[in-house]
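In: how does the following fold in three dimensions:
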Amino acid sequence: MSERSIGIVLRECMQEWGLRRENVFLISKGGHILGKDHVFRALERQENNELDVCVLSESAAHCISPAFIAAEISKSLERMGVDQIDVYMLNCPERLLSGRIRGNKVLNLHPFLSRAFAHLEYEVKTGRIGSYGIASNSIANSNSPDHLRLDDCLDIAREVGGAGNSFSSIEYPLNIFERDALENMEGGRILSELAEENLIYQFTQRPLNVIASGAVRCLGDRIARDTDETALTSALSALFEKVANLELQIPSLVGATDDDVQMVSRFIWAETLSENLAKLVSSSAFATMHYIKTTVLPTLNSDVKELVSTIPEDERETSAVAKWSTDYLESITSLCQLIESLCLVTEAATNRELSSVLCAMAPSALSQWRRLAFSDQGKDVDMYEQPPLSDIAIRVIRAALEMHTGGRGGTVLVGMRRQEYVQGAVIAGSGETIDYGDAEGALMCSLLR
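Out: The predicted structure is shown next:
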């Protein structure tokens with residue numbers, strides 16, 4: 001979907017504004033296979049000895065076989081309507097270590113990477129790609145069980161492509177909390193510096209979606225800053241009361257058999273959610289929203305569906321149980337939405353506190369933001385006395401990456417499509433890099449440890 005959208009925008013810009021293809025840098029990735037149907041078709045090709053497919057689950061697999069890469073490149077070129085992809089990345093090849101190929105555990109990535117790199121060298125010669133690289137979640141973390149070593153990738157590229165090989169780029173997670181690429185030593189060298197020594201361009205990902213203290217945390221504001229927390233809490237209290245009253249009604253609406261009693265015992269969400277409210281709101285918003293999405297709502301819908309199925313079809317429009325079921329389902333759904341909003345308010349307050357601390361430790365980031373945000377470039381962005389955490393987080397990482405690459409820097413991939421994130425990222429990525437000393441000082445903040 002994203003590549004088709006890119007193709008449409010490219011064509012429009014070329015036709016209407018005279019944009020030239022050489023002024024656009026296109027990157028694509030391949031390796032993941034998602035969806036039961038796609039996995040099934042890939043396994044069929046494996047039966048014909050066309051591919052080596054690593055099965056991760058019934059709906060997810062991974063493959064970097066030459067035939068698969070060739071097909072994926074063809075699809076990407078067609079979707080974007082271009083003749084060449086500037087850099088083609090193998091997406092997380094370390095995933096091969098997490099599954100099985102033909103029932104066997106993968107213990108060594110070398111033969112798979114060797115065949116993949118050899119094919120990518122061929123794709124460079126044909127002109128379909130300009131160069132290739134690796135996007136990896138583990139390449140910066142030497143303690144990861146599926147750690148992929150850059151040294152090994154460089155050696156394989158030399159084996160298949162010689163000294164003038166086309167291995168050009170790496171992509172890895174880097175943010176103010178996850179700084180392995182700037183700090184962890186491997187063989188006496190830090191990843192960012194090893195890459196720079198070998199003229200490997202560095203793309204970094206997840207500057208705003210971070211893993212901190214074992215939990216996923218978002219550094220971008222996901223709720224309006226003027227959200228009224230008091231009004232939210234009041235609405236939540238009223239809804240809890242309504243749901244509790246609904247749960248008191250259900251025993252009198254159904255029978256008294258053992259099955260009826262068992263059915264009634266499932267509808268206790270007011271008690272379950274209220275008892276755990278403090279924990280839900282104080283936990284990672286991601287964890288709470290994941291719990292609601294994957295546990296609360298699916299269980300609720302299943303139980304309500306089963307309850308309604310006990311009503312004769314010709315009575316469902318007038319049945320008191322059916323009316324109760326609709327009201328209960330809507331109320332719990334609204335209750336969950338309010339809980340999620342309260343989580344985001346808590347998250348936003350925590351982010352504002354961290355932004356304030358980092359601004360004090362990196363004053364050049366604050367002055368840079370003020371200068372750019374109040375210019376024409378930032379006229380559509382809501383202004384406050386301090387930058388949002390997302391802004392200073394990107395500025396600090398930009399400077400840190402530049403500092404560790406001898407001034408060459410790299411590209412910070414934001415990867416968030418919400419308009420406010422894009423607007424904020426444009427401002428954070430504009431202007432000169434903040435003072436290196438400020439960036440280094442900010443990363444020493446105890447709140448980031």
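
In: which residues touch stretch 351-364?
Out: With C-beta atoms under 8 Å, 6 or more residues apart in numbering as the contact definition, stretch 351-364 has outside contacts at 176, 219, 221, 365-366, 386-389, 391-393, 395-396, 434-435, 438-439, 441-442, 444-445, 447. Just so you know, the C-beta spots here come from the backbone N, C-alpha and C atoms, and that holds for glycine as well.

In: C-alpha coordinates for it, PDB please?
Out: Coordinates of the C-alpha atoms in stretch 351-364 are reproduced here as PDB (Å, rounded to 0.1, in the frame of the first residue of the first chain):
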ATOM      1  CA  ASN A 351       6.700  13.200  28.400                       C
ATOM      2  CA  ARG A 352       6.400  16.900  29.200                       C
ATOM      3  CA  GLU A 353       8.300  16.300  32.400                       C
ATOM      4  CA  LEU A 354      11.100  14.600  30.600                       C
ATOM      5  CA  SER A 355      11.100  17.300  27.900                       C
ATOM      6  CA  SER A 356      11.600  19.900  30.500                       C
ATOM      7  CA  VAL A 357      14.600  18.100  32.000                       C
ATOM      8  CA  LEU A 358      16.200  17.500  28.700                       C
ATOM      9  CA  CYS A 359      15.700  21.200  27.600                       C
ATOM     10  CA  ALA A 360      17.600  22.200  30.800                       C
ATOM     11  CA  MET A 361      20.400  19.800  29.900                       C
ATOM     12  CA  ALA A 362      20.500  20.700  26.200                       C
ATOM     13  CA  PRO A 363      19.700  24.400  26.000                       C
ATOM     14  CA  SER A 364      20.700  24.600  22.300                       C
END
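
In: what comes up buried for it?
Out: Taking 16 or more other C-beta atoms under 10 Å as the basis for neighbour counts, the residues of stretch 351-364 that come out buried are 351-352, 354-355, 357-359, 361-362, 364.

In: one more: stretch 258-274?
Out: For stretch 258-274, by 16+ other C-beta under 10 Å, it's 260, 263-264, 267, 269-270, 273-274.

In: tell me the contacts of the nearest residue to Trp269 once chain neighbours are set aside?
Out: In space, and not counting its chain neighbours, Trp269 is closest to Ile332: 5.3 Å by C-beta to C-beta, 6 or more residues apart in numbering. Contacts were defined as C-beta under 8 Å, 6+ apart; by that measure Ile332 touches 243, 269, 296, 300.

In: and the first one, how far is that from Glu271?
Out: This means Val243. Taken as C-beta to C-beta, to the nearest Å, the spacing of Val243 relative to Glu271 amounts to 9 Å.

In: next: the third one.
Out: The spacing between Val296 and Glu271, counted by C-beta to C-beta, is 13 Å.

In: between the contacts of Ile332, which is closest to Glu3?
Out: Out of those, the one with the shortest distance to Glu3 is Val296. That distance is 34.9 Å, counting by C-beta to C-beta.

In: from Asp226, how far out is that closest one?
Out: In this structure, Val296 and Asp226 are separated by 28 Å, where distance is defined by C-beta to C-beta.

In: who's more crowded, the two?
Out: Applying other C-beta atoms under 10 Å to Val296 and Asp226 shows that Val296 carries more neighbours, namely 20 against 6.

In: local confidence estimate at the more buried one?
Out: Here the pLDDT value assigned to Val296 is 95.

In: Ser142 now?
Out: Reported pLDDT for Ser142: 87.

In: what do you get for the one 5 residues further on?
Out: You'll see His147 listed with a pLDDT of 90.

In: got the buried residues for stretch 92-109?
Out: Neighbour-count burial for stretch 92-109, counted by 16+ other C-beta under 10 Å, picks out 92-99, 101, 106, 109.

In: longest helix in the protein, by number of residues?
Out: When the chain is parsed with DSSP state H, its longest helix is helix 320-361.

In: what pLDDT, on average, does that helix get?
Out: If you average the pLDDT over helix 320-361, you get 94.

In: I'd like the next helix or strand past it.
Out: Toward the C-terminus, helix 320-361 is succeeded by helix 363-373 as the next helix or strand (DSSP states H and E).

In: okay, angle between that next one and helix 320-361 too, please.
Out: Per axes from the mean of the first three to the mean of the last three C-alpha atoms, to 10 degrees, the angle that helix 363-373 makes with helix 320-361 is 110 degrees.

In: farthest-apart pair in the contacts of Ile332, please.
Out: Taking C-beta to C-beta as the measure, the contacts of Ile332 span a maximum distance of 12.3 Å, between Val243 and Val296.

In: which neighbours do these two share?
Out: Between them, Val243 and Val296 have 269, 332 as joint contacts when contacts are counted by C-beta under 8 Å, 6+ apart.

In: got any ranges where the stretch 51-200 of the chain has weak pLDDT?
Out: Per-residue confidence of the stretch 51-200 of the chain (counting by pLDDT under 70) places the weak regions at 187.

In: please enumerate the helices of it.
Out: 66-80, 110-126, 150-161, 180-183, 191-197 (DSSP state H, counting those that start in this stretch).

In: what about Ser274, distance to Ala244?
Out: Taking C-beta to C-beta as the criterion, Ser274 is separated from Ala244 by 8 Å.

In: got it, and Arg316?
Out: 25 Å.

In: what angle do the helix or strand Ala235 falls within and helix 320-361 make?
Out: With elements taken from DSSP H and E, the one containing Ala235 is helix 229-253. Per the same axes, to 10 degrees, the angle that helix 229-253 makes with helix 320-361 is 160 degrees.

In: going on from helix 229-253, what's the next piece of helix or strand?
Out: Downstream of helix 229-253 (by DSSP H and E), the next one is helix 258-264.

In: name the helices or strands packed onto that next one?
Out: In terms of contacts (3 or more C-beta pairs under 8 Å, 6 or more residues apart in numbering; DSSP states H and E), helix 258-264 is packed against helix 297-309.

In: report the distance from the helix it packs on to the chain centre.
Out: In terms of C-alpha atoms, centre = their mean, to the nearest Å, the centre of helix 297-309 is found 31 Å from the chain centre.

In: kindly report the same for stretch 286-300.
Out: Taking mean C-alpha positions (C-alpha atoms, centre = their mean), stretch 286-300 and its chain are 18 Å apart.

In: same thing with stretch 74-92?
Out: Mean C-alpha position of stretch 74-92 versus that of the full chain (C-alpha atoms, centre = their mean) differs by 21 Å.

In: next, the buried residues of that stretch.
Out: Residues 76-77, 79-80, 82, 84-92 are the ones in stretch 74-92 that count as buried (16+ other C-beta under 10 Å).

In: ok, now stretch 410-418?
Out: Going by neighbour count (16+ other C-beta under 10 Å), the buried part of stretch 410-418 is 410-414, 416.

In: looking at the residues you listed, which is nearest Asn23?
Out: Distance from Asn23 was checked for each of the buried residues of stretch 410-418 by C-beta to C-beta. The minimum falls on Thr411, at 15.9 Å.

In: now do the phi/psi pair for that closest one.
Out: Reported as degrees, to the nearest 10, the phi and psi values for Thr411 are phi -120, psi 130.
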